[in-house]
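**Q** Starting from these lines, generate the structure:
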Amino acid sequence: MTIQQVKQQFRIIGNCRPLNQAVEVAVQVAPTDVSVLIYGANGTGKDVFSRIIHQYSRRKHEPFIAINCGAIPEGTIDSELFGHEKGSFTSAYEARKGYFEEVEGGTIFLDEIAEMPLATQSRLLRLLENGEYLRVGSSKIRKANVRVVAATNKNLIDLIHKGKFREDLFFRLNTVTLNVPSLIERGEDIELLFNYFAIEFAGKYHREPVELNAEATELLYKYRWPGNVRELRNLAEKLTVLIKGTTITGEVLQQSLLIRENYLPSLVRARQSGVGGEETESTSGKEVELLYQLIYDLRKEITDVKKMVFMGMKNREPLRIEDEEEREDSEWDSPFIYTESSQKSNQPEVIHTSRKTHKNIPILEESLSLEKKEKEMILRALRKHHDNRKKAAHELGISERTLYRKIKNYGIEL
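**A** Alright, predicted model coming up:
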């Protein structure tokens with residue numbers, strides 16, 4: 001069966017390369033029993049790919065069930081997944097099968113796997129490794145023959161570093177990775193999807209399909225689509241129901257978008273071809289998101305350095321950056337300070353910090369080079385904590401990642 005036939009069967013609209021590659025991977029791994037981890041933002045349709053994997057596997061005649069781990073309360077998720085015995089907790093009036101037992105022989109799709117509690121992750125790891133599990137309140141080992149497909153919209157590596165996700169479970173689930181592209185990465189699929197949804201809802205509500213004029217089409221491509229395909233589908237339904245006539249102008253479209261601030265300032269229409277087609281220039285949503293993240297990180301690092309040097313000149317311990325994140329725009333950066341008298345008039349009193357705030361700071365005789373001062377403070381912190389970067393970063397009030405880069409830039413040897 002071809003990729004196009006699979007997309008037609010599961011009503012997957014679009015022909016961009018990342019989407020076709022995701023479908024191809026799903027079909028390729030389906031006949032095996034390996035665990036699959038699906039990455040994708042909310043609203044991209046990760047559940048559709050789990051159904052493709054089940055449909056083209058040897059388990060297609062057995063049950064399939066999709067579970068949202070984030071929707072189950074932490075206190076009951078073990079019981080929901082693995083079952084419980086009568087009397088195992090207050091409201092356990094009778095024994096109950098869990099989802100793994102109900103779907104025996106089939107496939108279970110665990111969406112939002114990052115929201116699963118650590119204790120439940122341990123139970124799931126045992127099931128994946130040995131095919132064994134225990135009901136809540138039972139000591140009898142049960143066997144399970146179930147294929148697990150998991151999905152997440154979060155970076156599991158970051159969660160592992162924060163101690164919120166088990167590393168061994170990650171490697172057990174991550175046998176095969178499948179990436180579902182966000183809508184902004186899909187180029188002309190955006191317009192294709194809108195037209196598809198417009199026809200779908202026109203038939204449902206017995207109306208003529210709405211159409212976008214040239215201005216509205218350009219706005220469609222400039223929008224960031226934080227809700228992805230789900231948001232686009234809701235927009236098409238809203239316009240079909242509420243708009244008089246069939247032509248959608250740019251003004252009407254802009255008023256109908258859910259989050260009007262989510263426009264990309266310089267994103268141009270991305271043109272992509274299908275698998276095997278000729279590549280053309282495009283602007284990737286991931287590149288734009290990365291640019292925004294780099295700007296944010298740079299701003300934060302500059303603020304960190306300013307705080308660190310300022311506190312060092314006052315001969316006191318620097319404040320922890322984690323405790324000051326909500327004060328990004330406070331007295332460190334702003335020349336305006338609200339005093340008791342100014343608060344009554346809602347007008348900031350302008351105080352020249354070079355004359356008042358720094359009045360009692362002695363002028364240092366040595367070099368005032370920021371780089372030299374920063375390097376000296378980093379060396380002092382490292383010596384104090386015997387080259388332990390984590391403790392030194394905490395002492396300096398910066399992140400360990402920032403400290404590592406500065407050590408490398410200054411050529412400090414540990």
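**Q** Now for residue 182: which residues touch it?
**A** By C-beta atoms under 8 Å, 6 or more residues apart in numbering, residue 182 lies in contact with 40-41, 44, 225, 228, 285. From N, CA and C alone the C-beta is placed, and that goes for glycine too.
**Q** Which residue in those has the weakest pLDDT?
**A** In terms of pLDDT, residue 285 ranks lowest among those, with 51.
**Q** hang on, the earlier thing: can you redo the contacts of residue 182 as TSV with distance to residue 2?
**A** Below are the contacts of residue 182 laid out as TSV (distance: C-beta to C-beta, whole Å):
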residue	distance to residue 2
40	23
41	27
44	22
225	28
228	25
285	27
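**Q** Please list only the buried members of those residues.
**A** For these, a neighbour count by 16 or more other C-beta atoms under 10 Å gives the buried set as 40-41, 44, 225, 228, 285.
**Q** Residue 80: which of those is nearest?
**A** Closest approach between these and residue 80, by C-beta to C-beta: residue 40, at 23.8 Å.
**Q** my guess is the closest one meets residue 177, correct?
**A** No - the pair residue 40 / residue 177 is not scored as a contact, 10.9 Å apart, by C-beta atoms under 8 Å.
**Q** Leaving out the residues flanking it, which one is nearest to the spatially most central residue of the chain?
**A** Taking C-alpha atoms, centre = their mean as the criterion, residue 154 is the residue nearest the geometric centre of the chain, at 4.0 Å. Counting by C-beta to C-beta, 6 or more residues apart in numbering, residue 114 is the residue found nearest to residue 154 once chain neighbours are left out, at 4.4 Å.
**Q** just residue 382 next, same as before
**A** Using C-beta to C-beta, 6+ apart, the closest residue to residue 382 is residue 392 (4.9 Å).
**Q** what's the helix or strand for the one you found?
**A** helix 389-396 (DSSP states H and E).
**Q** ok so, going back, need the phi and psi values for the residue nearest to the centre of the chain.
**A** Main-chain torsions, residue 154, degrees, to the nearest 10: phi -110, psi 160.
**Q** Quick one, grab the pLDDT at it.
**A** 93.
**Q** Same question for residue 375.
**A** On the pLDDT scale, residue 375 is placed at 83.
**Q** got the contact list for it?
**A** Residue 375 neighbours (C-beta under 8 Å, 6+ apart): 410, 412.
**Q** From residue 59, how far off is it?
**A** Taking C-beta to C-beta, to the nearest Å as the measure, residue 375 falls 60 Å from residue 59.
**Q** what's the answer for residue 118, then?
**A** 29 Å.
**Q** Those two: who's more crowded?
**A** Shown here are residue 118 and residue 59; by other C-beta atoms under 10 Å, residue 59 has more neighbours (20 against 11).
**Q** Phi, psi for that one please.
**A** phi -100, psi 10.
**Q** Ok, residue 90 next?
**A** According to degrees, to the nearest 10, residue 90 has phi -50, psi -50.
**Q** now the helices: where do they sit in the stretch 151-300 of the chain?
**A** For the stretch 151-300 of the chain, applying DSSP state H, counting those that start in this stretch gives helices covering 156-161, 167-173, 189-205, 214-222, 228-242, 250-256, 285-313.
**Q** mean pLDDT lowest for which of the ones you listed?
**A** Lowest mean pLDDT within those: helix 285-313, a mean of 59.
**Q** Tell me which residues touch the nearest residue in space to residue 207 that is not next to it in sequence, please.
**A** Closest residue to residue 207 apart from its sequence neighbours, by C-beta to C-beta, 6+ apart: residue 240 at 6.1 Å. By C-beta under 8 Å, 6+ apart, the residues touching residue 240 are 198, 201-202, 205, 207, 209-210.
**Q** now do residue 164
**A** 114, 118.
**Q** rerun at 10 Å
**A** 114-118, 121, 154, 156, 158 (C-beta atoms under 10 Å, 6 or more residues apart in numbering).
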